[in-house]
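J.: need a structure here:
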Amino acid sequence: MATLVSVKDEIFWFHYQPGKRWCISIALVLLILMGVPCAAGASSHSTARILIVVSSDSPFYQPALQGFRDGLARREVANDIKLSFDVLTLKGSVKSDTTAIDRHIHENPDLICTIGSDSVLDLVSLHSKIPAVFCMILNPVSLGAANSTQKPGGEFTGTTLLVDPGKQLETLQIADPAAKRVGVLYTAGDPTSTAFLNVANTEASSLQITLVKRGITSDRDIDGALKSLAGKVDAMWIIADPMSTDSAALSATTQFTHDQNIPMLGLSPVTVEQGALVALSPNYKDLGDLTAEMAATILGGVSTPADMQVRGPRATVLTINIASAANLKLKLPQDLLHLADQVIQRP
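T.: Numbering: from 1, shown residues only. The predicted model follows:
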């Protein structure tokens, strides 16, 4: 049997005879000498296109976004992968957002990173087969992105926000022992927020704290929800929820706490910089870096999302705004100040 091989416009016939392995060896030597790469070493450098879908333009997501991009870029050389990034920020309309994601999916990125719950929900609804990592969510199972945290079993894996709600409320209580009624805005019907608040209710009870919850569905509900809380809460709590972290809701809640002269338990250092009294949060930039570490493993072909365990934050950050404490006439315990990773001195 004769096999035809074309190399640089030259034609060679290699005759194979059973038992004559030297015929194949000569063919391989000729191919190598003439500069034709073998399949196993066809390229020592590959390019990967990364689509990052961010749930909103809230500053809450920016540290994780930066941590993810920096983390993958740092691993670019080590994994011999050249990266390109497309960042899509959702606008809050399910129909237009899913259409935008679908358009990017048809450009065939090598990996998708979702930041925040909305981006996960939209991508799940599209049934994409592209490997994906999520970041800045609470419960991937309730969002339909994983069968379990131990073995996701599909196209998704990633990192979650696992700071215990009881620990957050306890931090507020240490800063302000008078905070017994804590108001919360959340997205009505959101399965992740509902599950989180169910756990928070139990842990709040053990601290003798009552959560006063208001479910909202759009920015139009914010003012009414806050007005209904006036005089009925001793503090407000920003949770990892689409409406709670919406820029309009954050601004309105911050103003509400100023008007009511009550503290706000923040979600991140950014919210403390904006006026919250205190926050016990993941290190969001490090969480983005951890997500990048997982993404690099997938891009390198070492693992697939289906069998890669979902991971929680490697580090937490305690942030305190002493200017806010002064405005509230609160004397913060020295032990709490000594534990702080970041102390902000401006209102």
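
J.: Show me how this protein divides into domains.
T.: 2-41, 46-162+283-307, 165-282+316-344 (automatic domain parsing).

J.: Can I get those domains in CSV including mean pLDDT?
T.: Below are the domains of the chain laid out as CSV (pLDDT from 0 to 100):
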stretch, mean pLDDT
domain 2-41, 39
domain 46-162+283-307, 93
domain 165-282+316-344, 94
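
J.: Need these in CSV (columns: mean neighbour count).
T.: Where you see a C-beta, it was placed from the backbone N, CA and C, and this is true even at glycine. Below are the domains of the chain laid out as CSV (neighbours: other Cβ atoms under 10 Å):
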stretch, mean neighbour count
domain 2-41, 10
domain 46-162+283-307, 19
domain 165-282+316-344, 19
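
J.: Provide a list of residues in contact with Ala164.
T.: To be clear, residue 164 is Asp; Ala isn't right here. Glu203 (Cβ atoms under 8 Å, 6 or more residues apart in numbering).

J.: all helices for the stretch 1-150 of the chain, in order.
T.: With DSSP state H, counting those that start in this stretch, the ranges of helices along the stretch 1-150 of the chain come out as 21-33, 62-76, 94-105, 117-125.

J.: what residues does the third one touch?
T.: By that I understand helix 94-105. Contacts for helix 94-105 (Cβ under 8 Å, 6+ apart): 51, 53, 86, 88, 90-91, 112, 118-119, 122-123, 125-126, 128, 130.

J.: how about 7 Å then?
T.: Leu51, Val53, Asp86, Leu88, Leu90, Lys91, Asp122, Leu123, Ser125, Leu126, Ser128, Ile130 (Cβ atoms under 7 Å, 6 or more residues apart in numbering).

J.: Which parts of the stretch 51-200 of the chain are strands?
T.: 81-89, 111-115, 132-137, 156-160, 181-187 (DSSP state E, counting those that start in this stretch).

J.: which residues does the residue positioned nearest the centre of the chain form a beta bridge with?
T.: Nearest residue to the geometric centre of the chain (Cα atoms, centre = their mean): Cys135, 1.8 Å. On the basis of DSSP bridges, Cys135 is bridged to Ile115.

J.: How about the contacts made by it?
T.: Ala64, Phe68, Cys113, Ile115, Gly158, Thr159, Leu287, Gly288, Thr291.

J.: residue contacts, the fifth one?
T.: Going back to what we said before, that points to Gly158. Val133, Phe134, Cys135, Thr291, Met294, Val310.

J.: any idea how far the fifth one lies from Asp57?
T.: Counting by Cβ to Cβ, to the nearest Å, the gap from Met294 to Asp57 is 25 Å.

J.: how about the closest residue in space to Leu121 that isn't next to it in sequence, what does it touch?
T.: Residue nearest to Leu121 in three dimensions, not counting chain neighbours: Leu143, with 5.9 Å by Cβ to Cβ, 6 or more residues apart in numbering. Residues in contact with Leu143 (Cβ under 7 Å, 6+ apart) are Ser117, Val120, Leu121, Val124, Ile137, Thr192.

J.: Alright, calling it a day.
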